[in-house]
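Colleague: Predicted model and sequence below, questions to follow.
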Amino acid sequence: MFQYVTVFALFVCGINSQIIRQGKCPDVPAQQNFNLMSFGGYWYEAERSPVRFEDGSVCNLHDFVRLSKVEYADYIHLRRNGDILMASGIATFSGKPDEAKFTFNITLDTDNVPRQFPLFILETDYGSYASLWSCSQIDPNTYEEFSIILTHSRYYHEDTLNKARNVYDRNNISRKEFEKVEQFNC
Ligand SMILES: *[C@@H]1O[C@H](CO)[C@@H](O)[C@H](O)[C@H]1NC(C)=O
Ligand SMILES: *[C@@H]1O[C@H](CO)[C@@H](O)[C@H](O)[C@H]1NC(C)=O
């Protein structure tokens, strides 16, 4: 399920780049009454904390395609060192069917081992922003997380970004490590 157009090793060299924190994954609600139909199409990364399989990339875009009532495909396009990379994964509802909590399954061609991690759409208005978050318990006292703010158009208004940022603040998820994702000259 993982495709690419250049050397995939670029993807995995940032394997330890996610944020590690002490304690338990916080219990954070995701978007209720989530409408998978309305979420499709192109979404662009505006800001994110370090994400393992996207380390150092720019122009990141996600093409969400609904596959069924309970799953969607995420075709990821990004650039790294001038190379265009493509990857895809499948997200399946993991909780209540109308709450936007998914398990994301992605297989890297380097080792061909499918990896699963939680992926929550904490909030989206479907038209302009989506606040994504993932948290995985590594051991009883340690967890790792990453966050991605998506905007539906590549060029967004600051207000849009602030709405998306507020979602993390409300849920006490730190934005200290967030970085802007370059979307110019793509
Ligand atoms: C994840 O994807 C791989 C490759 O498509 C598949 O073989 C595997 O069964 C999937 N795992 C889960 C838990 O869905
Ligand atoms: C966030 O932290 C504040 C202050 O510690 C607390 O009052 C609030 O309940 C927390 N909110 C959530 C959603 O955890």
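Modeller: Thanks, I have the structure now. Ligands and ions are numbered 1, 2, ... in the order given.
Colleague: Any idea how far stretch 60-75 is from the middle of the chain?
Modeller: Relative to its chain's centre, stretch 60-75 lies at 12 Å (C-alpha atoms, centre = their mean, to the nearest Å).
Colleague: May I see the buried residues of that stretch?
Modeller: For stretch 60-75, the neighbour count (16 or more other C-beta atoms under 10 Å) marks 60-62, 64, 71-72, 74 as buried. To be clear about C-beta, it is placed using only N, CA and C from the backbone, and glycine gets the same treatment.
Colleague: what's the closest non-adjacent residue to residue 131?
Modeller: residue 167 (4.0 Å; C-beta to C-beta, 6 or more residues apart in numbering).
Colleague: ditto for residue 18
Modeller: Nearest non-adjacent residue to residue 18, counting by C-beta to C-beta, 6+ apart: residue 144, 4.6 Å away.
Colleague: Contacts only, for the one you found.
Modeller: Residue 144 is in contact with 18-21, 135-136, 138, counting by C-beta atoms under 8 Å, 6 or more residues apart in numbering.
Colleague: Mind telling me what element it is part of?
Modeller: strand 142-151 (DSSP states H and E).
Colleague: circling back: now the buried residues of stretch 60-75 in CSV, with pLDDT and secondary structure?
Modeller: Shown next, in CSV, are these (pLDDT from 0 to 100; DSSP: H, G, I helix; E, B strand; the rest coil):
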residue, pLDDT, secondary structure
60, 93, strand
61, 95, strand
62, 95, strand
64, 95, strand
71, 93, strand
72, 94, strand
74, 93, strand
